[in-house]
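Q: Everything below, folded, please.
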Amino acid sequence: MPVRITGRHLEVTPDIREYLERKLPRIEKYSDRSQSMEFVLTKDRYQHKVDLHLKDGPISVKAGTQDPVLLRAIDSLIDKVERLLKSKWAKLRGDTKRKGPPRRSATPIAELAEIVASAKPGKKKSKSAAKPSKRREAPEEVGKLGVLVFHPEPTETEKMSVEEAAEALFFRDENFLCFSEKPSGRLLVIYRRKDGNFGLIEPR
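A: This is a model prediction of the structure:
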């Protein structure tokens, strides 16, 4: 993992570097795909400030702390970054405990199919479909399953790469995202898998 330590208005001595590197395993256990990690140590009058910029796969973390004692500021920063990484990776894997009404674990297939169909390129919308109806249709019960199918709302697809779509879905509450892949223009659906990763669907 590339680690960069920079000092501003202070010298990064071997002792400081060694102390900081001893703390790195606490961060590394949550950042197995780290692309870069940069620490900036700054001395400003009677305060020491420690900042960290970490890029780890789809996650980017910026954090900073300050304290009159440099080593104490480093400890505080490591604690903060460890909590941030743990929380973000927990959210990515879908094992965060949520308060309030539970989110639906999966989007009804009928609803997903309707949204995908309505978003296909080249499909013209009728005038009646362009204007939102004041009356919202009631959900329909499917067979003997006792499951309700809610009618979809019109949606627009954004043009983005698969990586951009994954990052967008990661920070949203939805279980899937329909988008147009750039530059190909293919209509794709990215969704959350039960194992915490993302999957892709290409409608035919």
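Q: helix, strand or coil for the closest residue to Lys62 other than its chain neighbours?
A: Among residues not flanking Lys62 along the chain, His53 sits closest, at 5.3 Å (CB to CB, 6 or more residues apart in numbering). C-beta here means a position set from N, CA and C on the backbone, and glycine is covered the same way. Recorded secondary structure, His53: strand (DSSP: H, G, I helix; E, B strand; the rest coil).
Q: give me every residue that touches His53.
A: By CB atoms under 8 Å, 6 or more residues apart in numbering, the contact list for His53 reads Ser36, Met37, Glu38, Val40, Ser60, Val61, Lys62.
Q: Adding neighbour count, secondary structure and distance to Asp15, write those residues out as a markdown table.
A: Listed next are the contacts of His53 as a markdown table, based on neighbours: other CB atoms under 10 Å; DSSP: H, G, I helix; E, B strand; the rest coil; distance: CB to CB, whole Å:
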| residue | neighbour count | secondary structure | distance to Asp15 |
| --- | --- | --- | --- |
| Ser36 | 13 | strand | 24 |
| Met37 | 21 | strand | 20 |
| Glu38 | 14 | strand | 20 |
| Val40 | 15 | strand | 18 |
| Ser60 | 13 | strand | 30 |
| Val61 | 18 | strand | 26 |
| Lys62 | 11 | strand | 26 |
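Q: could you pull out the strands for this protein?
A: Along the chain, counting by DSSP state E, strands occupy 3-8, 34-44, 47-56, 59-67, 140-142, 147-149, 158-160, 176-181, 187-192, 198-201.
Q: weakest of those by average pLDDT?
A: Ranked by mean pLDDT, the strands of the chain bottom out at strand 140-142, with a mean of 62.
Q: If we ignore the residues flanking it in sequence, what's nearest Val61?
A: Distances taken as CB to CB, 6+ apart place Leu54 nearest to Val61, at 4.4 Å, with adjacent residues excluded.
Q: Tell me how far that neighbour lies from Tyr19.
A: Remark: distance between Leu54 and Tyr19 (CB to CB, to the nearest Å) = 18 Å.
Q: more crowded one of those two?
A: Neighbour count, other CB atoms under 10 Å: between Leu54 and Tyr19, Leu54 has more, with 23 against 14.
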